[in-house]
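In: Here you go, sequence then predicted model.
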Amino acid sequence: MSIWEYANPKKFMQTSAWALPGLIVLTVVCMAVGLVWGFFFTPDDYKQGSTVKIIYLHVPAAMMAINAWAMMLVTSLIWVVRRHHVSALAAKAAAPIGLTFTLIALATGALWGQPMWGTWWAWDPRLTSFLVLCLFYLGYIALWKAIENPDTAADLTAVLCVVGSVFALLSRYAVNFWNQGLHQGASLSLDKEENVSDVFWQPLVICIAGFVLLFVTLVLVRTRTEIRARRLAALLSRERLA
Amino acid sequence: MMPDLGKYTFAVLASYGATIVLLVALVAVSFWQRARVKRALAEVEARAGKSDG
């Protein structure tokens, strides 16, 4: 069996219909357990007080905002190289989800920054690159809406996606590149010494799993809608010609 | 049951509130679009089926 089988819309619809009910249940369970655990059953941080509870929203949303763009980059490149329509539609479907995660990361970051840094916003490398990523998401969605021919739209948005990847990368590694600004380094690392304490780490990992599952579930739901919309447009144009 | 958030009550509750509103809106719009397109496609397919038959 090859992964390219799923480039066939019929196969994609069958497999995603089979996977979605389980994914929805897992998403709801992970989000509920992670957020309830984090909000109600974790202590305050000795430095940041109760604002540490924002970590369960801010970190997973920021991670997924960047990873959603990475997923869009991969599927856009697959479209450019192999011309699989499902992959272009999956990139289109992921953009509003990535934009929502970016807005959550920016909003929770501002709400967290105000009491900790004394300001809602700073032109810090990570914050600025994240704002630019947000603008790229808006531009990407606008470009899909602006072009009538879907194949041309997929081509041009793929180019935009490649360019925007620079900012997705920057928003992830800006702290390491410039080593300046208000934003702290990564909260999670493969090096256990650098991680947040276990009491925060465990619910945080569950929240991250919840956000990943929510992303996958919504990408499948929205890609299925895009496939149906494409078929609807084809049938309507055939009706008009008849 | 509600944890004591001290002087950071606004920051924490506003973060949770904003996130929940944005996520619920995203999920609602995704499923609303899904239902709308599915219904429209079913209607057009039914029409196409009749005209073919």
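Out: Structure received. Numbers count the residues shown, from 1 in each chain, chains lettered A, B, ... in the order given.
In: Output the set of residues of chain A in proximity to chain B.
Out: A:35, A:39-40, A:44, A:49-51, A:53-54, A:57-58, A:61, A:96-97, A:100, A:103-104, A:107-108, A:111-112, A:114-115, A:214, A:218, A:221-222, A:224-225, A:228-229, A:231-232, A:235-236, A:238-239, A:242 (C-beta under 8 Å from any C-beta of the partner chain). For every residue, glycine as well, the C-beta is placed using N, CA and C.
In: and if we set it to 6 Å?
Out: A:49-51, A:53-54, A:57, A:100, A:103-104, A:107-108, A:111, A:115, A:218, A:221-222, A:225, A:228-229, A:232, A:235 (C-beta under 6 Å from any C-beta of the partner chain).
In: Centre of the chain to the helix or strand of chain A at the bottom of the mean pLDDT ranking, how far?
Out: Least confident helix or strand, chain A: helix A:150-178 with a mean of 85, by mean pLDDT, DSSP states H and E. Averaging C-alpha positions (C-alpha atoms, centre = their mean, to the nearest Å) puts helix A:150-178 13 Å from its chain's average.
In: Next SSE downstream of that helix?
Out: helix A:198-241 (DSSP states H and E).
In: which helices and strands does that following helix pack with?
Out: With contacts taken as 3 or more C-beta pairs under 6 Å, 6 or more residues apart in numbering or on different chains; DSSP states H and E, helix A:198-241 sits against helix A:9-40, helix A:55-82, helix A:85-117, helix B:9-52.
In: so does the longest one get close to chain A?
Out: Yes - counting by C-beta under 6 Å from any C-beta, chain A is contacted by helix B:9-52 at B:11-12, B:14-15, B:18-19, B:22, B:26, B:30, B:33-34, B:37, B:40-41, B:44, B:48.
In: Please indicate which of the residues you listed are buried?
Out: Buried subset of those (neighbour count, 16 or more other C-beta atoms under 10 Å in any protein chain shown): B:11-12, B:14-15, B:18-19, B:22, B:26, B:30, B:33-34, B:37, B:41, B:44.
In: Out of these, the closest to A:Ala70 would be?
Out: Closest approach to A:Ala70 among those (C-beta to C-beta): B:Leu26, at 19.1 Å.
In: separation between A:Ala68 and A:Pro60?
Out: 12 Å (C-beta to C-beta, to the nearest Å).
In: Check B:Lys7 too.
Out: B:Lys7 sits 25 Å away from A:Pro60, going by C-beta to C-beta.
In: A:Tyr137 now?
Out: In terms of C-beta to C-beta, A:Tyr137 sits 17 Å off from A:Pro60.
In: So between the two, which is more surrounded?
Out: In this view A:Tyr137 and A:Pro60 are compared by other C-beta atoms under 10 Å in any protein chain shown, and A:Pro60 has more residues nearby, 28 against 25.
In: Using PDB, write down the CA coordinates of stretch A:136-147.
Out: Taking C-alpha atoms only, stretch A:136-147 is exported to PDB below (Å, rounded to 0.1, in the frame of the first residue of the first chain):
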ATOM      1  CA  PHE A 136       1.000  35.500   6.100                       C
ATOM      2  CA  TYR A 137      -2.000  33.300   7.200                       C
ATOM      3  CA  LEU A 138      -4.400  36.200   6.400                       C
ATOM      4  CA  GLY A 139      -2.700  36.700   3.000                       C
ATOM      5  CA  TYR A 140      -2.800  33.000   2.200                       C
ATOM      6  CA  ILE A 141      -6.500  32.800   2.900                       C
ATOM      7  CA  ALA A 142      -7.200  36.000   1.000                       C
ATOM      8  CA  LEU A 143      -5.200  34.700  -2.000                       C
ATOM      9  CA  TRP A 144      -7.300  31.500  -2.200                       C
ATOM     10  CA  LYS A 145     -10.500  33.600  -2.100                       C
ATOM     11  CA  ALA A 146      -9.200  36.100  -4.700                       C
ATOM     12  CA  ILE A 147      -8.400  33.600  -7.500                       C
END
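In: Fine, thanks again, bye for now.
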